[in-house]
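Engineer: I need the structure of the sequence given here:
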Amino acid sequence: MNIEVELKSFTGDKIKIEKILNKDIIIHDYDIRESKYKEKGNGQCLHLQLEIGGEKRVLFSGSTYLMDLIKKVNDDDFPFITTIVKEGEYFKFT
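Structural biologist: Numbers count the residues shown, from 1 in each chain. This next block holds a predicted model:
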């Protein structure tokens, strides 16, 4: 059938979530893929294409809460400005 799976390609250096907590960021796109750490969380990994300080970066997270939230954003609403905060053990968009 010659069907190929399209994987999104993101640009920029990887950034840790701790470096962007409580800071304004622009989310341009996302993808949820199978995690290499299958035993953690739901076995999936969130890939975020974001911008901070005018620079595009990529964030990888196993946060199931962030995955659930980003799935609810309409395609027409990208890009959007948000902040990631930590509440207890969970990360969330504000």
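Engineer: who does the strand ranked longest in the chain pair up with?
Structural biologist: The strand that spans the most residues within the chain, counting by DSSP state E, is strand 24-34. Based on DSSP bridges, the strands next to strand 24-34 in the sheet, each with its direction, are strand 44-52 (antiparallel), strand 80-87 (antiparallel).
Engineer: I'd like the next helix or strand past the last one.
Structural biologist: In other words, strand 80-87. Under the assignment DSSP states H and E, the closest C-terminal helix or strand after strand 80-87 is strand 90-93.
Engineer: what strand or helix carries Ile70?
Structural biologist: For Ile70, the enclosing helix or strand under DSSP H and E is helix 64-71.
Engineer: in that helix, which residues are buried?
Structural biologist: Of all the residues in helix 64-71, those buried under the rule 16 or more other Cβ atoms under 10 Å are 64-67, 70. All C-beta spots, glycine's among them, are computed from the backbone N, C-alpha and C.
Engineer: any idea which of the residues you listed is the one closest to Ile26?
Structural biologist: Of all the buried residues of helix 64-71, the one with the least separation from Ile26 (Cβ to Cβ) is Ile70, at 13.6 Å.
Engineer: show me what contacts the closest one?
Structural biologist: For Ile70, the residues meeting the contact criterion (Cβ atoms under 8 Å, 6 or more residues apart in numbering) are 27, 30, 46, 48, 93.
Engineer: bridging residues for the residue nearest to the spatial centre of the chain?
Structural biologist: If you average the C-alpha coordinates of the chain and look for the closest C-alpha using Cα atoms, centre = their mean, you land on Leu48, 2.9 Å from that point. According to DSSP bridges, the partner residues bridging Leu48 are Tyr30, Leu59.
Engineer: now, among the buried residues of helix 64-71, which is nearest to Tyr37?
Structural biologist: For the buried residues of helix 64-71, the minimum distance to Tyr37 (Cβ to Cβ) is 12.7 Å, reached by Thr64.
Engineer: I figured Met67 hits Ile32, correct?
Structural biologist: Yes - at 5.7 Å, Met67 and Ile32 qualify as touching, with contact defined as Cβ atoms under 8 Å.
Engineer: intersection of neighbour lists for the two?
Structural biologist: 44, 46.
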